[in-house]
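>>> The following comprises the amino acid sequence and a computationally predicted model.
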Amino acid sequence: MTKIIELNSESDRQMRAATSDSTDVGSSVSVSRLDRNDSPSLPLPEVATCLPPQLDQLADRARDYVEAASSINTRKAYAADWKHFAAWCRRLNVPPLPADPQIVGLYITACASGTVTRGAKASSVATIERRLSAIGWNCAQRGTPLDRSDRAIATVLAGIRNTHAAPPRQKEAILPEDLIAMLETLDRGSLRGMRDRGSLRGMRDRAMLLIGFAGGLRRSEIVGIDLGRDQTEDGRGWIEIFDKGMLVTLRGKTGWREVEIGRGSSDVTCPVIAAETWIRFGKLARGPLFRRVTGQGNAVGPERLNDKEVARLVKRTAIAAGIRGDLSEFERAFRFSGHSLRAGLASSADVDERYVQKQLGHASAEMTRRYQRRRDRFRVNLTKASGL
């Protein structure tokens, strides 16, 4: 780890070229445009710098496919992580490319010890692992793969895990009784309520909470739903309403899946009725299901909601409903998020675990169990089973 790197003029020029624009995550092929959501463009795999004119259109399409390989949030995180690493290298006058395992090992050491910059806080193990993934991904796209199994990285990372790893901080699960209390803080959006300011927003928020809970959906999946198939370019799925319930077809992390949301035992808590009410009074015909409510709460705009609005809605209604009143408002805001809805379904649905796994779109039962906050706790008492 004490290797001294002597820069010659050529490597110095390489370092400056790689870090001259710290927000760029491009490769030798210049990629300067941003996608429709202003997320950083991703580099193409290494190709010739000068393409024949007839291949330009294919190159553009290839960039689109590269971007589609990961989510917007992942692209933003990888861009920020590469910027962080490149800036650290620039300050120490070492080249970020090709990434030397010893340099990367020193970088994650600096992250863990909080010495990346003056006054910086120590990064968590999860953050360090994500930054390593970002560095490895960017290096691979530039044709200079990073060997993460090199002892200069692997041994240091193992030591960081043993020293700084902490139990995961899971978000609080929203259980059915909690959700009902949260719904009571919203305007029900009845015909009479339509005269009240914000009733449309209340209808929308009610549908978002109920569909998110009953479907076990991620916040990006909730706002990514369209009214029908192939209606928008940024949609992640669509709904179909039947007599017995609603079918949501989604493109998730594990591919396409169908989520069945049955009708509830009460009209007040039925996610299908909530969706039908929002569609009817919001006068929605096509496009995004969940949109911004404008005009002082009296009109519905065409723009799709940002997924962060789901987290804000959960936090706001959970606090208003007094859930976990034993905690301060600040602590409650930290405990609840969009994932609280998924965790709530996994923790409260008293059915075979495989059905919950299918609903949440998990590849393994172990992942589903991580979402079950209270359901299986002390269900099997090995103390008594052993004869004590």
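Structure received. Residues are numbered from 1 along each chain as shown.
>>> Do I have it right that Phe213 meets Leu345?
Yes - the criterion here is CB atoms under 8 Å, and Phe213 meets it with Leu345 at 5.7 Å. Every residue, glycine included, has its C-beta placed from N, CA and C.
>>> who's more crowded, the two?
Phe213 (27 against 24; other CB atoms under 10 Å).
>>> Quick check: that one vs Thr277, distance?
Here the criterion is CB to CB, to the nearest Å. By it, Phe213 lies 17 Å from Thr277.
>>> before we move on, what about Glu331?
Distance of Glu331 to Thr277, computed by CB to CB: 34 Å.
>>> Settle it for me: which of the two has more neighbours?
Thr277 (19 against 12).
>>> Now do the SS call for the more buried one.
helix (DSSP: H, G, I helix; E, B strand; the rest coil).
>>> I'd say it and Met203 touch.
Yes - Thr277 is in contact with Met203 according to CB under 8 Å; the separation is 5.5 Å.
>>> now stretch 285-293, how far from the centre of its chain.
Relative to its parent chain, stretch 285-293 has a centroid offset of 21 Å by CA atoms, centre = their mean, to the nearest Å.
>>> got the buried residues for it?
Pro288, Leu289, Phe290, Arg291, Arg292, Val293 (16 or more other CB atoms under 10 Å).
>>> Near the nearest residue to the third one once chain neighbours are set aside, how many residues? Count them for me, please.
Closest residue to Phe290 in three dimensions, ignoring its sequence neighbours and counting by CB to CB, 6 or more residues apart in numbering: Leu305, at 4.8 Å. The burial count assigned to Leu305 is 21, neighbours taken as other CB under 10 Å.
>>> What pLDDT is listed against Leu305?
You'll see Leu305 listed with a pLDDT of 94.
>>> ranges for the helices of the stretch 1-150 of the chain?
Ranges of helices within the stretch 1-150 of the chain are 9-19, 56-68, 72-92, 101-113, 125-141, based on DSSP state H, counting those that start in this stretch.
>>> Identify whichever of these lies nearest to Gly297.
Nearest of those to Gly297, taken as CB to CB: helix 72-92 at 28.3 Å.
>>> So the residue nearest to Phe290 sits against Pro288, correct?
Yes - using CB under 8 Å, Leu305 is in contact with Pro288, at 7.4 Å.
>>> Spit out the residues that contact the two alike.
Listed as contacting both Leu305 and Pro288 by CB atoms under 8 Å, 6 or more residues apart in numbering are Val223.
>>> Can you find the helix or strand in this protein with the smallest mean pLDDT?
helix 9-19 (a mean of 41; mean pLDDT, DSSP states H and E).
>>> Double-check that Val259 belongs to a helix.
No - under three-state DSSP, Val259 falls outside any helix and is assigned strand.
>>> Quick check: pLDDT value at Lys384.
74.
>>> Next: Ser347.
So Ser347 comes in at 73 (pLDDT).
>>> quick one: it and Arg263, what's the gap?
22 Å.
>>> of the two, who's got more company?
Neighbours around Ser347 and Arg263, counted as other CB under 10 Å, are more numerous at Ser347. The numbers are 20 against 17.
>>> name the element the more buried one belongs to?
helix 339-348 (DSSP states H and E).
>>> Can you spell out which helices and strands pack onto that helix?
helix 176-183, helix 199-215, helix 308-320, helix 353-360, helix 365-371 (3 or more CB pairs under 8 Å, 6 or more residues apart in numbering; DSSP states H and E).
>>> Any chance of CSV for the ones you listed, columns mean pLDDT and distance to Gly228?
Shown next, in CSV, are the helices and strands packed on helix 339-348 (pLDDT from 0 to 100; distance: least, CB to CB, whole Å):
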stretch, mean pLDDT, distance to Gly228
helix 176-183, 92, 27
helix 199-215, 92, 16
helix 308-320, 92, 22
helix 353-360, 69, 22
helix 365-371, 63, 30
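>>> Would you point to the one among those that's packed deepest?
Of all the helices and strands packed on helix 339-348, helix 199-215 carries the top mean neighbour count, a mean of 25, counting by mean count of other CB atoms under 10 Å.
>>> Can you name the next helix or strand after that one?
helix 219-223.
>>> Might you calculate how far that next one sits from the centre of the chain?
9 Å.
>>> if we can go back for a sec, for Arg169, find the nearest of the helices of the stretch 1-150 of the chain.
Closest to Arg169 of the helices of the stretch 1-150 of the chain is helix 125-141 (CB to CB; 9.8 Å).
>>> what about stretch 208-224, start to end distance?
11 Å (CA to CA, to the nearest Å).
>>> Quick check: end-to-end length of stretch 212-220?
Start-to-end, stretch 212-220 (CA to CA) is 10 Å.
>>> Show me the contact partners of that stretch.
71, 73, 174, 179, 211, 221-222, 236, 248, 250, 252, 259, 261-262, 264, 271, 307-308, 310-311, 337-339, 341-342, 344-346, 356, 359-361.
>>> Generate a PyMOL selection restricted to the buried entries among these.
Applying 16+ other CB under 10 Å to the contacts of stretch 212-220, the buried members can be selected in PyMOL as follows:
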select buried, resi 174+179+211+221+222+236+248+250+252+259+261+264+271+307+310+311+337+338+339+341+342+344+345+346+356+359+360+361
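>>> Can you give the domain ranges for this structure?
9-164, 176-371 (automatic domain parsing).
>>> next one: the last one to chain centre, how far?
Just to be clear, that refers to domain 176-371. With CA atoms, centre = their mean, you get 16 Å for domain 176-371.
>>> show me what contacts the nearest residue to Ala320 once chain neighbours are set aside?
Nearest residue to Ala320 in three dimensions, chain neighbours excluded: Thr185, at 4.1 Å (CB to CB, 6+ apart). Counting by CB under 8 Å, 6+ apart, Thr185 touches Thr317, Ala320, Ala321.
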